[in-house]
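In: Let me see the structure of the following:
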Amino acid sequence: MLLQVLGTAAGGGLPQWNCACPGCAGARTHPHRRRRHASLALRADEGRWYLVNATPDIGDQIEDSHALRPGPGPRESPVAGVILTDAELDHTLGIARLREADGFDVLATRPVRDALLGPLRLGEVLAPYTRIEWRELSREAEVLVKGGTVEIDAVPVSAKRPRYAVGTGTDEPTWVVALRLRETSTGRSLLYAPALAGWTDDFQDAVEQADFVILDGTFWDDDEPVRTGISARTATGMGHLPIAGPNGTARRLAGLGARCLYTHLNNTNPLVDPDAPQHTLLGEWGLEAAADRMVIEL
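Out: The predicted structure is shown next:
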């Protein structure tokens, strides 16, 4: 199984267009600190790839990856579809950028699909341009990506809806899911959870069974959003478990046999500075921050 990390930033990217916080200012001064919105590319087969979440940066992310660029035909693209973890705008707006395709797949849970087709009206908007085949992700069954040997199943994470979908649907834990990607020929697996509001028993089992874990690293500690002035809510109040602290995810990941990386870093997170001492702490715990353009082979 081969994956490429297309981005590792939370909503807004790094730098965020309207933000002058130290993280964003540092990224403007030092371009190597820039991060695009969190996303992966999964190779289903030779010349056939699926994007895990479709971000506002999708065009640049495709151009930055030689394997995702079009060719050899003038309109022949290796991008076969999108796999979604949730219905948030920073994970779905890129779908509209794929309107020039003849057609593509979107794999999503039922609440996510209903939000995109309902309040966001994505189906109506794109129908005159392209064909989308919607395929359902569920907690009961694994889905095989077309043309490949990778199975995917959804591990429920939370019932957090995007703001545009508040008041719609039912309170189901599949509004936000972690994705378990498993190579059928080897049995090796990767767990991808860029948004994590709680740590359930099912999620603990999924972490313990994975060979590679990429986890929500939006905020370093719970008070970060309040301390930096970006919100009146804590990290957990915003639906993201922090990395450090008594309720942090680092203590749960430390000591696992799997390699564990953090992604979806907010611009206020000290980890966006490569010289921050928090990187040393992560190293002592056997953990690390993911980087844009990383290649992962399992």
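
In: and the helix or strand harbouring Phe104, what other elements does it pack with?
Out: Per DSSP states H and E: Phe104 is located in strand 103-108. Contacts defined by 3 or more Cβ pairs under 8 Å, 6 or more residues apart in numbering; DSSP states H and E place strand 103-108 against strand 79-83, helix 110-117, strand 131-136. From N, CA and C alone the C-beta is placed, and that goes for glycine too.

In: Same list (these) but as a markdown table, adding distance to His264, mean neighbour count and mean pLDDT.
Out: Listed next are those as a markdown table, based on distance: least, Cβ to Cβ, whole Å; neighbours: other Cβ atoms under 10 Å; pLDDT from 0 to 100:
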| stretch | distance to His264 | mean neighbour count | mean pLDDT |
| --- | --- | --- | --- |
| strand 79-83 | 16 | 23 | 97 |
| helix 110-117 | 17 | 21 | 97 |
| strand 131-136 | 24 | 15 | 96 |
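
In: quick one, which of the ones you listed is nearest to Tyr164?
Out: Among those, the nearest to Tyr164 by Cβ to Cβ is helix 110-117 (7.6 Å).

In: where are the low-confidence patches of the stretch 1-150 of the chain?
Out: For the stretch 1-150 of the chain, the stretches flagged by pLDDT under 70 are 140-141.

In: just the helices in it please.
Out: Using DSSP state H, counting those that start in this stretch, the helices found in the stretch 1-150 of the chain span residues 22-29, 58-64, 89-92, 110-117, 122-126.

In: now, of those helices, which is deepest in the fold?
Out: Mean neighbours per residue, mean count of other Cβ atoms under 10 Å, is largest over the helices of the stretch 1-150 of the chain for helix 89-92, with a mean of 23.

In: would you list the helices and strands packed on strand 103-108 in TSV and tack on distance to Pro70?
Out: As requested, the helices and strands packed on strand 103-108 are exported to TSV (distance: least, Cβ to Cβ, whole Å):
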stretch	distance to Pro70
strand 79-83	8
helix 110-117	25
strand 131-136	18
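
In: do you know which of these lies nearest Arg293?
Out: Nearest to Arg293 among the helices and strands packed on strand 103-108 is strand 79-83 (17.1 Å), distances taken as Cβ to Cβ.

In: Return the list of helices and strands in contact with the closest one.
Out: Looks like strand 79-83 contacts strand 48-52, strand 103-108 (3+ Cβ pairs under 8 Å, 6+ apart).

In: about what we covered before: mind listing what's buried in the strand holding Phe104?
Out: For strand 103-108, the neighbour count (16 or more other Cβ atoms under 10 Å) marks Phe104, Asp105, Val106, Leu107, Ala108 as buried.
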